[in-house]
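> Please work out how this folds:
(4 chains)
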There are 4 protein chains.
Amino acid sequence: MFRADKFNDECGVFGVYGHEEAANLTYLGLYALQHRGQENAGIVSSAGEGLKVHKGNGLVADIFTETDIEHLEGTSAIGHVRYSTSGDSELRNAQPFVVDYSRGSIAVAHNGNIVNSLLLRAEFEAYGSIFQSTMDTEAVVHLIASCKERNLTDRIIYALGRLEGSYSIAFLTEETLVAARDPRGFRPLALGKLKDAWVVASETCAFDLIDAEYVRDVEPGEVIAIDKNGLRSFKPFAPVEHTPCIFEFIYFARPDSAIFGANVYNVRKEFGRVLAKEHPVEADVVIPVPDSGVAAALGYAQAAGLPFELGLVRNHYVGRTFIEPKDSIRHFGVKLKLNGVRDVLEGKRVIVVDDSIVRGTTSMKIIKMLREAGAKEVHMRVSSPPTTYPCYYGIDTPDRDKLIAANQSVADINKYITSDTLGYLSVEGLYRAIKDAGARGIVEPSHCDACFTGDYPVDIFKESRPPQLVLFK
Amino acid sequence: MFRADKFNDECGVFGVYGHEEAANLTYLGLYALQHRGQENAGIVSSAGEGLKVHKGNGLVADIFTETDIEHLEGTSAIGHVRYSTSGDSELRNAQPFVVDYSRGSIAVAHNGNIVNSLLLRAEFEAYGSIFQSTMDTEAVVHLIASCKERNLTDRIIYALGRLEGSYSIAFLTEETLVAARDPRGFRPLALGKLKDAWVVASETCAFDLIDAEYVRDVEPGEVIAIDKNGLRSFKPFAPVEHTPCIFEFIYFARPDSAIFGANVYNVRKEFGRVLAKEHPVEADVVIPVPDSGVAAALGYAQAAGLPFELGLVRNHYVGRTFIEPKDSIRHFGVKLKLNGVRDVLEGKRVIVVDDSIVRGTTSMKIIKMLREAGAKEVHMRVSSPPTTYPCYYGIDTPDRDKLIAANQSVADINKYITSDTLGYLSVEGLYRAIKDAGARGIVEPSHCDACFTGDYPVDIFKESRPPQLVLFK
Amino acid sequence: MFRADKFNDECGVFGVYGHEEAANLTYLGLYALQHRGQENAGIVSSAGEGLKVHKGNGLVADIFTETDIEHLEGTSAIGHVRYSTSGDSELRNAQPFVVDYSRGSIAVAHNGNIVNSLLLRAEFEAYGSIFQSTMDTEAVVHLIASCKERNLTDRIIYALGRLEGSYSIAFLTEETLVAARDPRGFRPLALGKLKDAWVVASETCAFDLIDAEYVRDVEPGEVIAIDKNGLRSFKPFAPVEHTPCIFEFIYFARPDSAIFGANVYNVRKEFGRVLAKEHPVEADVVIPVPDSGVAAALGYAQAAGLPFELGLVRNHYVGRTFIEPKDSIRHFGVKLKLNGVRDVLEGKRVIVVDDSIVRGTTSMKIIKMLREAGAKEVHMRVSSPPTTYPCYYGIDTPDRDKLIAANQSVADINKYITSDTLGYLSVEGLYRAIKDAGARGIVEPSHCDACFTGDYPVDIFKESRPPQLVLFK
Amino acid sequence: MFRADKFNDECGVFGVYGHEEAANLTYLGLYALQHRGQENAGIVSSAGEGLKVHKGNGLVADIFTETDIEHLEGTSAIGHVRYSTSGDSELRNAQPFVVDYSRGSIAVAHNGNIVNSLLLRAEFEAYGSIFQSTMDTEAVVHLIASCKERNLTDRIIYALGRLEGSYSIAFLTEETLVAARDPRGFRPLALGKLKDAWVVASETCAFDLIDAEYVRDVEPGEVIAIDKNGLRSFKPFAPVEHTPCIFEFIYFARPDSAIFGANVYNVRKEFGRVLAKEHPVEADVVIPVPDSGVAAALGYAQAAGLPFELGLVRNHYVGRTFIEPKDSIRHFGVKLKLNGVRDVLEGKRVIVVDDSIVRGTTSMKIIKMLREAGAKEVHMRVSSPPTTYPCYYGIDTPDRDKLIAANQSVADINKYITSDTLGYLSVEGLYRAIKDAGARGIVEPSHCDACFTGDYPVDIFKESRPPQLVLFK
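The predicted model follows:
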């Protein structure tokens, strides 16, 4: 019945401890993190006597009514937004996950992917456990429940120690909020303060909305426990190389957030600057593919000394469903979201900057649109290297055979998408840009760049499922 | 977070194996069993490759669309309707319950109460298991998953053998439908045939709707497994006295159903006949409290030689919610459902027959209504003995301190509800009536009558929860 | 675009003047009148400064929330429930109808049919008016708006004087509630009192629910205006013969209501008594087709000295939509609503009493169901004469060619529906029964019986629409 | 009951004649025009036999299902999106408006305001007409219905001739599509072609989406009638000065549209350029208030030779409702939509460009946000003159007493919003920019600039309603 290979994919996590309006702050935090997941969302709060929960499908602003927020009593809360990948938007898979076990109730909100979750699942099932969702996160609570340690933090540390993969994760019990980040630090997680209350969030933009102060990142491999005695930090795991996800910078995080020690907007602009140096071309104008390509396009234009224009206008009312005409006019796709501005493009040599190329079809349509709006030349510039490998740590990417750069040369892609020239940022350029942009904080010395290089920092267990067990038929 | 004492209460169960339209037949079956539960409903079907599930809150006709039914592919299916007890109508508690475990997927639909479910839960939690609902049924799947037997039926038999309490229950896997009834046979469960397909249902009225033929009851303690090799019957449990629920006859089952070997309408009429002999009174007219008191009132009128009239009219559009006026006119309760017919009642000595008195407030309001409509005398007759003990095996009853007959004498109740005279059917009369009515089949020699006598056939573990565990706060 | 022949059909009307909780009382009144219309409902209230309105599709209990009722401020209100005829359940056709015109705002709630509405519509359109609904009621407000009288009551009297057909109608302006009944009194309308407040309702069962006292019927041809100066009665129309709808007694009104001076339950029982005398037959048991046939079956059984039993059980959870199986088992229709009780029917000669036969198909299915449940003989008795003509004054009936009794003899119908014998109440019997039952009040000396006799008291303009106008294409 | 001063405000209009997928094209057109109105939307289509209609509240993508579109049969259709002004989002006021009158059915979709609608309404009511909405558009259909001309176009021309104010309007009957623009051409309306089909739309971005070719603008005072005989153009009204709304350029239209002969993006950039010349200031960076200020900020930056950055990030998931925390953190307003990018702003002298200042509160919050994110100086530049008068021709503006520039000097406003310096574009600058930008087409020689100058091209009748009529209380 269940899809066994359903990962948790892109998500946003928020938590607050010690504030009278814990649920409302969490609601606001999820609001600010909405770009990390639009499929479903949930909040769990604790008033010291049992956990309260509300989850729903859709956007945060639609899921929670004022009554719901009032019902979520208590001074601590965690929340979660989840990204829609394959249309499997069942509420059953919404988080936070809440269960009862021998020590009481616990709620979990998780961003990342547990790559050994199927092995753990098989192990638990072999010992007689049952699973009710398709989420890798369910394995985490089984681990916690099976641990004999008397102390909550010890149980959580035991459970996290069994996990392979990526997690920025928050736990809530009646008395305690625990936040943790995997030893490699794949996904971001920031720690903040709002008066006497502690807050954690996937991105700092959530702090800005609630006027919380950014304190520091939860460090890779760190477990933070907050209760009435205050905040304690644990580093229970053997240190390994840090590999924060480079794609958070390229595409996923909000430009006004600071993650991994650097401001995202700044990093993206720097990508554009380096890209301009790596792939210069004679042109009249630089335009972005909005919204994710804007900062890189600005950087490119500044470095290249070319005028920056908004040659593609985005329709922000694009909904989930769309009814296409039957025969005559089909395959709207990009057209529903973007439209070319003729006065910007007509007769011009145009450099268009996008953050990445996945399948190539979108780029092809955009270039067609630009030419139809009068562009004389179209030079595609991509502010990341060719995406050649899928992500197993939390970014939704198609299988390798769907990734155009995994199967074609840059020259072939240039042909396919019908650009005049095509230039990707190099991996070296990527790192240089991050380094240059990281003025404000301590930038991670290394990153996970598996999507470009295939160097997966953590082994993938996808194929290693013991075949003797008849699972998930 | 969870309410630990949440029992499964009143429900209806349906299953079909070997029919092209399994889901649609299940939908129809649930439709016919809707009186057994209006809170939520669900269907799980199997097409041989995974289980399909659809559940929702509300009435069967509102939950399932044609698309839903089409999506529930396969030739076997089970379904469930659940009664709303305390407003805890969360979808999380809807059945069939579907889980993955080491042997694959399994779905469960359960009518009854597992009285040792908290002990089992504590045991499982002590070994590290997690619980995601407040349903006693969740313990059953943990038992199945923890069993090492290779054969599904053996695992189910093992699990059922660990249960105390009442269950008429259906399981569905990809290949097999299993139906079982607890050794005492508290709740009804009938076996039927529709051409080559086998069907099971809580009541035979579900067979009538789909033109299935009633074959026999699933016997107390019987486990029936149906797969491609046909139907096999098991009797794995030590025989004990059969104690089918006498309240199914009095109130819960539909009058057109045959349960425990007798037609419900017939039994109810016989209740009325015996009641007339036990508690005669001079009167002009016999009226029922519709709808559940109709058959008994008819029997009473026939035995007493008095005219039967519908002196109370029922409004069938009564919804779940109702907005009361602020000050002037309050406490509608019964008035929303019933209204007296003045022409029937005015100046008359009225015998009003109801199936039972729980708290007494409804009876009081009905009698007030009858007097306001002109009744000169009101003689209350109850077609069951005084309800003095709560039910722990699947009927929703309030605690003992709320049961008026547990705390007051018949004379005091008569005073409280303001009737001129009050007569209850005796326990002996109850059994005599059942015996007399059971012409068509073999009536059970004994019944569970704990709600009247306090003789609980199975011990209640309600207080026996190990106190050292901190659970469900 | 519009369906020109859309009549207003069956409806319920309620109004209250001078009560702090006017909207809530109206809500309750509509609740009690729900059987007169389940398609949509609405309430308009007046707080002296503008009218407030809330309308919706569905049942009263689902349409209005507590907030809606609170929003409907004011001490006077009118409400309306509307019957679903042909699936044209558009909210646009929901009442009360509210419009602005030169003298302010006015709301209308109407039960009945204006048979000359198309002529009026054509006339208004010829003078340049526009129409926005398909309701005949819209013509009424055009008449009021076009009238130059300074006084509201005069304008309403002018408008009503132009109408042909049936109307029990309530108007609400900011200061005044006006209630009226057409000169022939086709539809019922009762006047009541609740402390200092006046109430009007289609049936007295609405008074019972709110503890209002029945004062008298609004008389045929009477216009009642209620404002701060109290209640004034007008009889502005030339007196004509009164022809209250006999079908209200037979089928439509609630049995606990008193209409046209007699209790409905009583009249129906009397129909059964006379029917027993007109069409006796040797039999073992008398059963009704529930719910509308119950009273007549009781009367039949009492007069015939035969036992009355509930041989057909009704499923009260029947919803609007229903998903039929694809091939194997079709045409559920009656089976979804009714099921035979084998123990009552097996081997018996059964008299089954229904209120009317329209197309004959339902009767045929019921008789088949009774035989399948074991009935040895089935004698159909109908507590009204053969329905041979459609109604144009407010009851939803099919066209003549669909009425089986308009096209076949009783003997042929008996054959078609497969009963052993078939007996209809005679027209004379109908009147005798009404007279005998009318002990409590002054029964109308005559009735509209056009559905049985074709004697239409008011001419039908259905065909007389001026053909030169191109309307409602 | 009705709000008499409810104007039609901002809206979008679309129409198509002669295409197999008329409704689907209209759906797409409305999708592209969604920025002109998010309150409700509707489509009316004609298949030659009656008009089909579907309307709903919310966004186009949510209102119409595939079934709805299929139901909207026919080869011609018109559609409408409406802006939410005062929360009066009743479906009753949704357009297209559809009515029956003596000549058949007609549908109307209107963008603009009829300033004499109350006078017309009073006149019609005086003659006995009724009104069912609060829309000024309802007066138009009354005019058409009251006209005795035999020809549809003549009737429409008559009706339009009676109107004062602004209208870009489309009519649909079973055979004909009529589109018209008021003699002053306040609102845009473009004519396009898609193969053999004619299309009209408020903005050309709708043409781009459906691959239609822009033919020309519907000219001010032009009435275009399209039927099976093709397109005919009428110019029935006396020529007056053209006064297209200058605010469409400043704020309302989409940047990728061409209206009034010029590309909106281009005009906005030119506003920025001129603004830079009129109000230079020493600064480090130019940032826009997204999205409407982007083009002007780009123009400013280019003209000033300063770097352009996105210093404010917009959250595009902002919903309609939002739950604020109770006490501690209030008045989110702007914060929910915008967040400052610290790395762009910190220590910088910032020029922030917005399209207009209405009340001043939003500007104040933005400036506070910029300073909190580290801006050393904040220089506000506005790409339009001070808004000193409300609009009566279709743009939603508050009353004069709420317009900060109507009541305070620029120096005072600068103080109030806490900017270091404040500069507005001059009226002369506005016109110069439009002229400079209009290279591609013939720019209108004059515009309505009443919001800046108070020179209303058409008299406002707001106060002139005859007081003797007691209307709309």
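> which residue packs closest to residue A:220, ignoring adjacent ones?
residue A:185 (2.9 Å; Cβ to Cβ, 6 or more residues apart in numbering or on different chains). Backbone N, C-alpha and C define where each C-beta goes, glycine included.
> Need the phi and psi values for the residue in the stretch 51-200 of chain A that chain C sits nearest to.
Ranked by Cβ to the nearest Cβ, the top residue of the stretch 51-200 of chain A for proximity to chain C is residue A:67, at 11.9 Å. When read as degrees, to the nearest 10, the backbone of residue A:67 gives phi -60, psi -40.
> where's it relative to chain B, distance?
Computed as Cβ to the nearest Cβ, to the nearest Å, the residue A:67 to chain B distance reads 15 Å.
> For stretch A:397-407, give the mean pLDDT please.
Stretch A:397-407 shows a mean pLDDT of 91.
> sorry, back to before: determine the number of other residues adjacent to the residue of the stretch 51-200 of chain A closest to chain C.
For residue A:67, the count of nearby residues is 10 (other Cβ atoms under 10 Å in any protein chain shown).
> what residues go with each domain of chain A?
A:11-243, A:263-453 (automatic domain parsing).
> Return the most buried member of these.
domain A:11-243 (a mean of 22; mean count of other Cβ atoms under 10 Å in any protein chain shown).
> Tell me the span between the first and last residue of that one.
18 Å (Cα to Cα, to the nearest Å).
> same question, stretch A:252-270
The straight-line separation of the ends of stretch A:252-270 (Cα to Cα) is 16 Å.
> gap between that stretch and the chain center?
Here the centre of mass of C-alpha atoms in stretch A:252-270, compared against the chain's by Cα atoms, centre = their mean, to the nearest Å, lies 13 Å away.
> just checking, residue A:185 is part of a helix?
No: read with DSSP: H, G, I helix; E, B strand; the rest coil, residue A:185 is coil and lies in no helix.
> Reformat the domains of chain A as JSON lines; add distance to residue B:170.
Listed next are the domains of chain A as JSON lines, based on distance: least, Cβ to Cβ, whole Å:
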{"stretch": "domain A:11-243", "distance to residue B:170": "18"}
{"stretch": "domain A:263-453", "distance to residue B:170": "37"}
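> Can you show me the CA trace of stretch A:172-180 as PDB?
Only the C-alpha atoms of stretch A:172-180 are listed here, as PDB (Å, rounded to 0.1, in the frame of the first residue of the first chain):
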ATOM      1  CA  LEU A 172       8.500  18.600  21.500                       C
ATOM      2  CA  THR A 173       7.300  16.900  24.600                       C
ATOM      3  CA  GLU A 174       5.200  18.300  27.400                       C
ATOM      4  CA  GLU A 175       8.200  19.800  29.100                       C
ATOM      5  CA  THR A 176      11.000  20.000  26.600                       C
ATOM      6  CA  LEU A 177      11.900  21.300  23.200                       C
ATOM      7  CA  VAL A 178      14.800  19.600  21.500                       C
ATOM      8  CA  ALA A 179      16.400  20.800  18.200                       C
ATOM      9  CA  ALA A 180      19.200  19.000  16.400                       C
END
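> Pretty sure residue A:157 sits in a helix.
Yes: assessed with three-state DSSP, residue A:157 lies in a helix.
> you'd agree it is up against residue A:236?
Yes: assessed by Cβ atoms under 8 Å, residue A:157 is found in contact with residue A:236 at 4.7 Å.
> list residues touching both of those two?
By Cβ atoms under 8 Å, 6 or more residues apart in numbering or on different chains, residue A:157 and residue A:236 have these common neighbours: residue A:223.
> ok, which residues in the stretch 151-300 of chain A are in contact with chain B?
The stretch 151-300 of chain A comes close to chain B at residues residue A:174, as judged by Cβ under 8 Å from any Cβ of the partner chain.
> Now do the strands in the stretch 151-300 of chain A.
A:168-172, A:177-181, A:190-194, A:197-201, A:213-217, A:223-227, A:230-234, A:258-259, A:262-263, A:285-288 (DSSP state E, counting those that start in this stretch).
> Can you add mean pLDDT and distance to residue C:15 and give those back as JSON lines?
Shown next, in JSON lines, are those (pLDDT from 0 to 100; distance: least, Cβ to Cβ, whole Å):
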{"stretch": "strand A:168-172", "mean pLDDT": "98", "distance to residue C:15": "55"}
{"stretch": "strand A:177-181", "mean pLDDT": "98", "distance to residue C:15": "58"}
{"stretch": "strand A:190-194", "mean pLDDT": "98", "distance to residue C:15": "56"}
{"stretch": "strand A:197-201", "mean pLDDT": "98", "distance to residue C:15": "56"}
{"stretch": "strand A:213-217", "mean pLDDT": "96", "distance to residue C:15": "62"}
{"stretch": "strand A:223-227", "mean pLDDT": "98", "distance to residue C:15": "62"}
{"stretch": "strand A:230-234", "mean pLDDT": "97", "distance to residue C:15": "66"}
{"stretch": "strand A:258-259", "mean pLDDT": "94", "distance to residue C:15": "65"}
{"stretch": "strand A:262-263", "mean pLDDT": "92", "distance to residue C:15": "67"}
{"stretch": "strand A:285-288", "mean pLDDT": "98", "distance to residue C:15": "64"}
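> Could you dump these into JSON lines and include distance to residue C:336?
Shown next, in JSON lines, are the strands of the stretch 151-300 of chain A (distance: least, Cβ to Cβ, whole Å):
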{"stretch": "strand A:168-172", "distance to residue C:336": "48"}
{"stretch": "strand A:177-181", "distance to residue C:336": "53"}
{"stretch": "strand A:190-194", "distance to residue C:336": "58"}
{"stretch": "strand A:197-201", "distance to residue C:336": "54"}
{"stretch": "strand A:213-217", "distance to residue C:336": "62"}
{"stretch": "strand A:223-227", "distance to residue C:336": "57"}
{"stretch": "strand A:230-234", "distance to residue C:336": "62"}
{"stretch": "strand A:258-259", "distance to residue C:336": "59"}
{"stretch": "strand A:262-263", "distance to residue C:336": "65"}
{"stretch": "strand A:285-288", "distance to residue C:336": "60"}
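> which element follows the helix or strand of chain A with the lowest mean pLDDT toward the C-terminus?
Ranking every helix and strand in chain A by mean pLDDT, DSSP states H and E puts helix A:334-337 at the bottom, with a mean of 86. The element immediately downstream of helix A:334-337 (helix or strand, assigned by DSSP states H and E) is strand A:338-340.
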